[in-house]
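K.L.:
Sequence plus predicted model, see below.
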Amino acid sequence: MKMEKIRDDIEVPIIDLSNRSEASKQIIKACEELGFFKVINHGVPQEIISQIEEEARAFFSKPGSEKMRAGPPNPYGYGCKNIGLKGDVGEVEYLLLHPNSPFLSTHSDHFRCAAMGYVEAVKKLACEILDVMVEGLVGPDPNPKRSSVLSRLIRDSESDSILRFNHYPPSDGRIGFGEHTDPQILTLLRSNGAQGLQISVEDGVWVPVSPHPHSAFCVNVGDVLQVMTNGRFMSVRHRVAVQSYKSRMSMAYFAAPPLHATIGCLPGLATAEKPALFRSFSWGEYKEAAFTRRLGDSRLNLFTLLSQDN
Ligand SMILES: O=C(O)CCC(=O)C(=O)O
Ligand SMILES: [Fe+2]
């Protein structure tokens, strides 16, 4: 078995979004160094978060047979233990929903209402963070076409974003969700007070991400953002280790482009000194590569330009 080390001397930075220019610098630094950060003063009302958390908790506490009727998750619905189609398993049950209609026919009006309010708020937050990132990367730009180059992909009515609820019942030190990177642009994650999320700062070395402060969202860079920043931002491997005494519930909003969108380096980020690291591709092509492989497989290297290997 591979030796593992836990490092609890590294903290994921907590960034206050109410100070935009400071936040912009801190976000860039965090994305370059860790690929993860937390945001506070993010503008998503606590009421909206509490309502959907309550509905999700109620859903997961239903009898298994009832939840099974909301599955299988292809592409949307309830799943249990099996993650993806390639044989990955975890100590997790989950619900995958489309943000344009984040509910299933079996869900109550309360669930529908709460999920719609939540998606609207996190989508707005994701767009704001992406705009702040662009400002930090290439400077303020009065041309909205350029300053919203990332957020436009999310606002597009055909955006392929996903809302995912994860529930990890207590279990002794087992891995709830195996190590992986998120393929999309950006992930906004909320969790209850249970520990469990860990990020890999180097092979076999894991940094626990505390669920504090409770008001925060945890944000991480996805593979597509690594490509669009020409490797400046890192899409970092992470996993969930389940605790023995407390169940964990998380809600992840994966902000993604439309399937047909062309993904490539942002203008100005590939230079003579640092040429483009990856070839362009469509999100549909990348998604296919991600979902036809195992959870922990790397896929970005399939899109690396060969000249980089020389
Ligand atoms: O449940 C969590 O905290 C993280 C889950 C995760 O990494 C994912 O759904 O991609
Ligand atoms: Fe993830």
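P.N.:
Perfect, I can see it now. Ligands and ions are numbered 1, 2, ... in the order given.
K.L.:
Could you use CA atoms for every contact and neighbour count after this?
P.N.:
OK.
K.L.:
touching ligand 1 at all, stretch 170-181?
P.N.:
No: between stretch 170-181 and ligand 1, judged by Cα under 6 Å from any ligand atom, nothing touches; the nearest distance is 6.5 Å.
K.L.:
Buried ones in that stretch, by neighbour count?
P.N.:
Neighbour-count burial for stretch 170-181 flags 170-171, 175-181 (criterion: 16 or more other Cα atoms under 10 Å).
K.L.:
and Lys38, what is it in contact with?
P.N.:
Lys38 makes contacts with 12-15, 216-219, as judged by Cα atoms under 8 Å, 6 or more residues apart in numbering.
K.L.:
Quick one, grab the pLDDT at it.
P.N.:
Confidence at Lys38, expressed as pLDDT, is 98.
K.L.:
What of Ile10?
P.N.:
pLDDT for Ile10: 95.
K.L.:
measure Arg190 to Val221 for me?
P.N.:
15 Å (Cα to Cα, to the nearest Å).
K.L.:
out of those two, which sits in the busier spot?
P.N.:
Neighbours per residue (other Cα atoms under 10 Å) separate Arg190 from Val221, with Val221 holding more: 26 against 21.
K.L.:
can you pull the contacts of the more buried one?
P.N.:
Val221 neighbours (Cα under 8 Å, 6+ apart): 31, 35-36, 182, 185-187, 233-236.
K.L.:
For ligand 1, state which of those is nearest.
P.N.:
When the contacts of Val221 are ranked by distance to ligand 1 (Cα to the nearest ligand atom), Asp182 comes first, at 5.8 Å.
K.L.:
Pretty sure that closest one sits against Ser235.
P.N.:
Yes: counting by Cα atoms under 8 Å, Ser235 is a contact partner of Asp182 at 7.2 Å.
K.L.:
Pick out whichever of these two has more residues nearby.
P.N.:
Relative neighbour count places Ser235 above the other of Asp182 and Ser235, with 28 against 20, counting by other Cα under 10 Å.
K.L.:
can I assume that one is in contact with Gln226?
P.N.:
Yes: proximity of Ser235 to Gln226 meets the contact threshold set by Cα under 8 Å, at 5.9 Å.
K.L.:
Overlap of the contact sets of Asp182 and Ser235?
P.N.:
Listed as contacting both Asp182 and Ser235 by Cα under 8 Å, 6+ apart are 221-223.
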